[in-house]
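Enquirer: next one to model:
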Amino acid sequence: MGHVILRVTIKLLFAPIILFALYVQFHGDYGPGGGFQAGVVLAVAFVLHALGFGIEATKKVISPNILPWGMALGVLFYAGTGVLTLLLGANFLEYDILAPDSHHNAGQHMGILFVEFGVGLAVASTMLQIFYVFTGRDPEPADDAW
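Expert: Numbers count the residues shown, from 1 in each chain. Below is the predicted model:
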């Protein structure tokens, strides 16, 4: 039952941190932010959860087995957007082809959102995977243990 205040605070902050990550993700094409920042903020929510509730409890919330899938899917989403523009007859990542009849650059906005979603997914998965690997390491033996 130790650290009750810390755990209650983490429970209160967990959802707003994820909401802020989503805000940064979906408003990255209009201002500062985007996939990388949103991915890091999303990963921070789970790192904070692990610091308060333990790494095993966090691994139950988001399994380390799905993180490589998230990394790969993020890269495929990013590259897939570029391949889609190639298949539609434009250059790689030339987003205007996604909505050619739009006068308001809708293709640009759609393309940026798709790419930034892929970046955010890849970054969040990678950051969590790195955190899980570092927290799963055995501590180094002390000099006098030899």
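Enquirer: identify the residue spatially nearest to G35, adjacent ones excluded.
Expert: V119 (2.9 Å; C-beta to C-beta, 6 or more residues apart in numbering). For every residue, glycine as well, the C-beta is placed using N, CA and C.
Enquirer: who does the helix ranked longest in the chain touch, helix- and strand-wise?
Expert: Scanning the chain for the longest helix, with DSSP state H as the assignment, gives helix 106-135. Secondary-structure packing of helix 106-135 (3 or more C-beta pairs under 8 Å, 6 or more residues apart in numbering; DSSP states H and E): helix 4-26, helix 35-53, helix 55-61, helix 67-87.
Enquirer: to D138, which of the ones you listed lies closest?
Expert: Closest to D138 of the helices and strands packed on helix 106-135 is helix 55-61 (C-beta to C-beta; 13.5 Å).
Enquirer: buried stuff in the closest one?
Expert: Within helix 55-61, the residues that qualify as buried are I55, T58, K59, counting by 16 or more other C-beta atoms under 10 Å.
Enquirer: tell me the mean pLDDT over it?
Expert: The predicted model assigns helix 55-61 a mean pLDDT of 95.
Enquirer: ok, and what's touching it?
Expert: Applying C-beta atoms under 8 Å, 6 or more residues apart in numbering, the external contacts of helix 55-61 come out as F46, H49, A50, Y132, T135, G136.
Enquirer: now for those: which two are most distant?
Expert: The span of the contacts of helix 55-61, defined through C-beta to C-beta, is set by H49 and G136 at 16.0 Å.
Enquirer: so where's the protein shaky on pLDDT?
Expert: Filtered on pLDDT under 70, the chain yields the residue ranges 1-2, 29, 31-32, 145-146.
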